[in-house]
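The following comprises the amino acid sequence and a computationally predicted model.
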Amino acid sequence: MQYDDYPEFNEYIDRLYGNEEGEIVIGEFCRPASTVLFEMDRIEYQNLYNQYLDEQRELFLEQATDIFPAPVAFYYERALHGYDNHNQRLHYLRSTWESIIFFIYALAIGEVIDSSLIISSVRIFNNQRIACNGRGLLGDRLGYKLEVIEKILDFNDDGSHGLIIGDLIPVSIIELLRELNSARNSFSHTSALSEEQAEVFFEDLHPKIQDLLFELRKLSSLSLLKFKSTTNSITRIRFSRFKGFSLRDRNYEKDVDQAFMQKNLANLRVEYLFCEFEDYDQVICLSPFASALNHNGQHYIAWYKKLDDSANKYFFEIVSDSPTEIDLDASIFDKPIQALGALL
C-alpha cells in the first residue's frame, strides 16, 4: 500500500477530519489529515479505506443505470427492473457483460486508430500477430476480443503510449470477463433452462456483474455520439447523444478541433458512432465495431458481430429488447479498417 495510490480517498479524509484546508494543525505542526493517518496508523488507514470503498460501491451501483454508457446501462436496467421471467432476466444480465466486452473492444481499437498507434509488435495467444480479418479482429469470438483488449492494455502500460483507456480500464477485469464468458457458454449451450435454474444462475452471476461495473466505474464519464450533421461552423458538429439506460437520443452539439476533423472527415456519416471522453475533452470514432444503424425506419446502436467475406458484408447486432442481426455493406467502413490494417 502506497499513500499516493488513493488520491480520492486521501481528499475524502482531509475533508472529513482536517480543517478548511484539510490539515491537522497543532501549534507549528501542520500536515494533511490523510498523511497523518497513513503515517501514524496504517491499519486504521486501511480500515477506513475499505469502509470508504464499500460506501462508494453502494452509491455507484444505485446510479449505474443512469450514468453508464447507454448499451450497458440499458441491459443492466432491464435485468434489474424490466424482465418478465427469470430466463429473460438472465438473458439481460448476459447481454450486460457482453455489451461491456463489445464496448471496451470498440474503445481499444478505436483509440489505437485515433492515435495511430503501431501495434505490430503485439502478440496474442501462441505468439500470433493480430490480424484484421475474419479469423482476427473481424471475427466473432469473444475470447479473441478479450485477448486483444488485454494485450493492448499491457502494451500501452509497458510503453507509456498514453491511451486514455489505460486510465479507465483496469487490466485485472479481463479475467473476470473471461470467467463470465465461460459461464455464458455453460448455460447458453443448455437446451432449455427451467425458471429455477435461471434464477440460480442469475443469483450467482449478478454479484460478479456488480463487481465488474464498479471496477469499470470510470467509464461512466463516457458518452456515445451518433453523427447527425455539420453546422455553419466546420468544427461544430451536431450529434445524437446517448447516456444511461434510455436508448432515446438527445440532440447534442459539440465543438471539435482541427485534429478531429483531419482524422474523421470521412467518418462523418450517419452510420458512424463516436465516443466522447468527457473528462479529457476528446472524441474518437468507434465504427465499425460500434455503429449506428437504421433498421425498419429506426436508428439503433449496434455491435459489430462478424464478417461475410464472400458477400463483402458486416453483420451487426442491434441493441434492443429483442436483439436482431442485420447486415451492411462492408465498404462503408473502408477508411477505419484500412487505417487499422496499417497499424498491424
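Now that the structure is in, tell me what you want to look at.

Show me the strands in this structure, by range?
Counting by DSSP state E, the chain has these strands, from start to end: 23-26, 29-32, 123-124, 128-129, 222-230, 236-242, 250-255, 273-277, 282-285, 290-295, 298-308, 313-318, 325-329.

Turn these into TSV, including mean neighbour count and distance to Asn10.
Yep, even glycine has a C-beta here, placed from its N, CA and C like the rest. Formatted as TSV, the strands of the chain follow (neighbours: other Cβ atoms under 10 Å; distance: least, Cβ to Cβ, whole Å):
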stretch	mean neighbour count	distance to Asn10
strand 23-26	13	12
strand 29-32	14	7
strand 123-124	14	38
strand 128-129	12	43
strand 222-230	20	25
strand 236-242	19	34
strand 250-255	13	34
strand 273-277	23	25
strand 282-285	22	27
strand 290-295	22	36
strand 298-308	20	38
strand 313-318	22	43
strand 325-329	14	48
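
Tabulate those strands in JSON lines, adding columns for distance to Arg15.
Compiled in JSON lines, those are given as follows (distance: least, Cβ to Cβ, whole Å):
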{"stretch": "strand 23-26", "distance to Arg15": "11"}
{"stretch": "strand 29-32", "distance to Arg15": "11"}
{"stretch": "strand 123-124", "distance to Arg15": "45"}
{"stretch": "strand 128-129", "distance to Arg15": "50"}
{"stretch": "strand 222-230", "distance to Arg15": "27"}
{"stretch": "strand 236-242", "distance to Arg15": "32"}
{"stretch": "strand 250-255", "distance to Arg15": "33"}
{"stretch": "strand 273-277", "distance to Arg15": "27"}
{"stretch": "strand 282-285", "distance to Arg15": "30"}
{"stretch": "strand 290-295", "distance to Arg15": "38"}
{"stretch": "strand 298-308", "distance to Arg15": "39"}
{"stretch": "strand 313-318", "distance to Arg15": "45"}
{"stretch": "strand 325-329", "distance to Arg15": "50"}
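
Out of those, the one nearest Asp84 is which?
Closest approach to Asp84 among these (Cβ to Cβ): strand 313-318, 20.3 Å.

Next up, the contacts around the nearest residue to Asp279 once chain neighbours are set aside.
Spatial nearest neighbour of Asp279, excluding adjacent residues (Cβ to Cβ, 6 or more residues apart in numbering): Ser221 at 4.9 Å. Contacts for Ser221 (Cβ atoms under 8 Å, 6 or more residues apart in numbering) come out as Leu168, Phe277, Glu278, Asp279.

pLDDT wise, what is Ser221 at?
Ser221 carries a pLDDT value of 94.

ditto for Leu90
95.

do you know how far it is from Ser121?
Distance, Leu90 to Ser121, using Cβ to Cβ, to the nearest Å: 41 Å.

those helices in the stretch 101-250 of the chain, which residues are they?
142-159, 165-168, 173-188, 195-215 (DSSP state H, counting those that start in this stretch).

which residues touch the shortest one?
Under the criterion Cβ under 8 Å, 6+ apart, residues 104, 107-108, 111, 152-153, 156-157, 216, 218-219, 221-222 lie in contact with helix 165-168.

need the contact list for the nearest residue to Ala292 once chain neighbours are set aside.
Distances taken as Cβ to Cβ, 6+ apart put Lys226 closest to Ala292, at 4.1 Å, once the chain neighbours are dropped. Neighbouring residues of Lys226 by Cβ under 8 Å, 6+ apart: Phe239, Ser240, Phe242, Asp249, Val270, Tyr272, Leu273, Phe274, Ala292, His299, Ile301.
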